[in-house]
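Colleague: below is the structure, and that's it, no one-letter string:
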């Protein structure tokens, strides 16, 4: 039986409803609605398996309202695979790329099965792509989630960046059938590790359905990180234990259950979302969804040559999140993950692209802090209340670095913090003054814009680049396993191997690496702002010097739970507990005006720091006094967050130094010493003002006042 015969056999769709978009089960059938403003005809294609995997029934959608094609198909229900075919004008030179031979995913698909298969028919015009592309699946009706809980304030938040698969792919306590899945991430062993560690939120690398680029497929590799999306409502099926067991429809409940279990453990869930580009790539890439629906509506086109894309992402295309259709799609997707799936916030990849508008008379898309997407989110009662984190840059434009320019309530990954802290602890000259600014919340970036230190998401390492262990073990990237002759990945690592490149048995080198990791962690977790810890850094995870393992779904990227640095794990746990116990390190505002005396800088001779000392490129040490009781921050209920007084002594010299304690509040006792790894020792020596305290090389020491304890 031919597809045409099957179309005659089934009733044509009756007029349906233009909203909601997507496939909605109701009244003994399914309502389909898809936006395709420039289309001349649209058909929904059903693959019900009645005559084999490739049996296709095409049902024309003959009703259109304001560019939305819709129809109700009776007698079908959840579990049936489908896609769309759109016919219309095709003139690539004008950016028009309709092709009814290309099967298109539903932009609102909640379940996606199958994956991209490399074949010439994917990109050849007038050739059927259906056998080689993923398909949407009709979902069952989902209830609105009762999962929207009170958020952890940013002042109390510690973010843990993790990969769903990498976290458990090699975890011996997780059942084999759950390893690398949403169910595995919600396993008791993982939850116990996260809660014992003391983090408050997990930030998951992309979980929306993504595809592997054709170039990687041709070399037998996979996109592991997931920064190549194509369906922004669908959890990635490759992370589903239910799908492995033959029940792909179970992915929705599995994801929601993971969120529930993380919430029950006191952890928020933040999704790393990629709305800046799609898996359709550049103009030579496959037509999977948006290109076939309405290319010019969904992508930034080059005004000089509309057959090509403006690319601010380095991935071949840039999504128009501020066009009418693009804006609605992104907003609907974000609300879906909050109100249906229950997540608590988002980290937006290459977020500068999301603030770019197409300009008719300029050959650029300028970044605008008041872009339509930012304004829409700010006015949305659901989305304005969740955590919004920007990666505040993209690539290839004069205004690609927008750190400090995102509007409230957004916060930002602070790349300047990462770079400065790395340089400071490898003893580079001229970084002390900036280090002090980064340590106390980056007022240069946020203070002038009436923002708070909490606008800065501080990090030293992230998925892109070296792990913490590799940061102190390698001078150079070692990406040979990526198959690109070590040309991929950044060369600007700001790393130091501590005397030997890579693995070594040298006891002194290993001891120095441990001290360097502790100094970096202590800086991160005691800085004003919101700390983000790269998952596995607390365990001493290594990627063997690979700073770009985006295509390694293997032991290079997975957490090795059998090779754990127990001392580093204990230090990180204790340091997080120390941070949680002391609001002096979780400041909600910059210390200025009446509170300026709460923060005082001294040289190691106990004299206040002078402008000459700050400007000296050879300066590598400083003492910070934090007054924990003068003009304290207020908790949400108005309770003063009174704390002890502290001295932070920072020594980036490669030799120990003698520090004269300044005149401030009586006697002092060690609370943190990164050289020895001690945190809150039960007893120890005390020092009074004017006495000398020796501080180890490349060490951060915190002293607590005994007077106020």
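Modeller: Great, that's in hand. None of these values were measured; they are calculated from a predicted model.

Colleague: contacts for stretch 152-161 next, please.
Modeller: Stretch 152-161 is contacted from outside by 194, 197-203, 205, 268, 270, 272, 387, 411, 454, 457, 459, 462-463, 525, 530-535, 576, 579-580, 583, 586-588, 633, 636, using C-beta atoms under 8 Å, 6 or more residues apart in numbering. For every residue, glycine as well, the C-beta is placed using N, CA and C.

Colleague: of these, which belong to helices?
Modeller: Using DSSP state H, the members of the contacts of stretch 152-161 that fall in helices are 194, 197, 525, 576, 579, 580.

Colleague: closest to residue 96 among the residues you listed?
Modeller: Comparing these against residue 96 with C-beta to C-beta places residue 194 closest, at 49.2 Å.

Colleague: dump the residue contacts of the closest residue to that closest one other than its chain neighbours.
Modeller: Once flanking residues are discounted, residue 194 sits nearest to residue 267: 6.0 Å by C-beta to C-beta, 6 or more residues apart in numbering. By C-beta under 8 Å, 6+ apart, the residues touching residue 267 are 191, 194, 195, 199, 200, 201, 202.

Colleague: and residue 213, by the same measure?
Modeller: By C-beta under 8 Å, 6+ apart, the contact list for residue 213 reads 223, 228, 279, 281.

Colleague: that older thread, in TSV, list the contacts of residue 267 along with neighbour count.
Modeller: Converted to TSV, the contacts of residue 267 look like this (neighbours: other C-beta atoms under 10 Å):
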residue	neighbour count
191	17
194	21
195	14
199	26
200	21
201	25
202	24
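
Colleague: ok, so of these, who is nearest residue 33?
Modeller: residue 202 (34.0 Å).

Colleague: show the buried residues in the contacts of stretch 152-161.
Modeller: 194, 197-203, 205, 268, 270, 272, 387, 411, 454, 457, 459, 462-463, 525, 530-535, 576, 579, 583, 586-588, 633 (16 or more other C-beta atoms under 10 Å).

Colleague: the helices in the stretch 601-709 of the chain, which residues?
Modeller: Using DSSP state H, counting those that start in this stretch, the helices assigned to the stretch 601-709 of the chain run over residues 611-615.

Colleague: just the pLDDT for the residue nearest the centre of the chain.
Modeller: Using C-alpha atoms, centre = their mean, the residue of the chain that lies closest to the mean C-alpha position is residue 272, 3.5 Å off. For residue 272, the model assigns a pLDDT of 98.

Colleague: and residue 524, how far from residue 439?
Modeller: Distance of residue 524 to residue 439, computed by C-beta to C-beta, to the nearest Å: 10 Å.

Colleague: go on, residue 491?
Modeller: Counting by C-beta to C-beta - residue 491 and residue 439 are separated by 27 Å.

Colleague: next one: residue 219
Modeller: Relative to residue 439, residue 219 is positioned 44 Å away (C-beta to C-beta).

Colleague: just residue 574 next, same as before
Modeller: Relative to residue 439, and taking C-beta to C-beta, residue 574 is found at 20 Å.

Colleague: again, but for residue 323
Modeller: Distance of residue 323 to residue 439, computed by C-beta to C-beta: 42 Å.

Colleague: residue 615 too?
Modeller: Between residue 615 and residue 439 the computed distance is 18 Å (C-beta to C-beta).

Colleague: more crowded one of the two?
Modeller: Legend: neighbour count by other C-beta atoms under 10 Å for residue 615 and residue 439, higher for residue 439 (24 against 11).

Colleague: residues contacting that one?
Modeller: Per C-beta under 8 Å, 6+ apart, neighbours of residue 439: 523, 526, 527, 528, 624, 648, 650.

Colleague: now those residues as TSV including pLDDT?
Modeller: Listed next are those as TSV, based on pLDDT from 0 to 100:
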residue	pLDDT
523	98
526	98
527	97
528	96
624	95
648	97
650	98
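
Colleague: which one among those gets closest to residue 65?
Modeller: Closest approach between the contacts of residue 439 and residue 65, by C-beta to C-beta: residue 528, at 52.0 Å.

Colleague: wait, residue 236 touches residue 210, no?
Modeller: Yes: when contacts are counted by C-beta atoms under 8 Å, residue 236 is listed as touching residue 210 (6.1 Å).

Colleague: identify the contacts common to these two.
Modeller: Common contacts of residue 236 and residue 210, defined by C-beta under 8 Å, 6+ apart, comprise residue 226.

Colleague: now do the SS call for residue 73.
Modeller: Per DSSP: H, G, I helix; E, B strand; the rest coil, the secondary structure class of residue 73 is strand.

Colleague: pLDDT score assigned to it?
Modeller: We have a pLDDT of 97 for residue 73.

Colleague: kindly report the same for residue 51.
Modeller: pLDDT, residue 51: 42.

Colleague: start the count at 29 instead of 1 going forward.
Modeller: From this message on, residue numbering opens at 29, which makes the last subject residue 79.

Colleague: so the closest residue to residue 617 other than its chain neighbours versus residue 437, what's the distance?
Modeller: Distance criterion C-beta to C-beta, 6+ apart; nearest residue to residue 617, sequence neighbours excluded, is residue 480 at 5.5 Å. As judged by C-beta to C-beta, residue 480 and residue 437 stand 11 Å apart.

Colleague: again with residue 210
Modeller: From residue 210 across to residue 437, the span is 28 Å (C-beta to C-beta).

Colleague: for the two, indicate the residue with more neighbours.
Modeller: In terms of neighbours (other C-beta under 10 Å), residue 210 is the more surrounded of residue 210 and residue 437; the figures are 27 against 15.

Colleague: correct me, but that one touches residue 282?
Modeller: Yes: contact criterion C-beta under 8 Å: residue 210 and residue 282 qualify, at 4.8 Å.

Colleague: mind listing the shared neighbours of these two?
Modeller: Going by C-beta under 8 Å, 6+ apart, residues that sit against residue 210 and also against residue 282 are 263, 268, 269.

Colleague: from what I see, the first one and residue 277 are in contact.
Modeller: Spelled out, that is residue 263. No: counting by C-beta under 8 Å, residue 263 sits too far from residue 277 to count as a contact (11.5 Å).

Colleague: between the two, who's got more neighbours?
Modeller: A count of neighbours by other C-beta under 10 Å puts residue 263 above the other of residue 263 and residue 277, at 26 against 18.

Colleague: mind listing the residues bridging to the more buried one?
Modeller: Assessed by DSSP bridges, residue 263 has beta-bridge partners residue 236.
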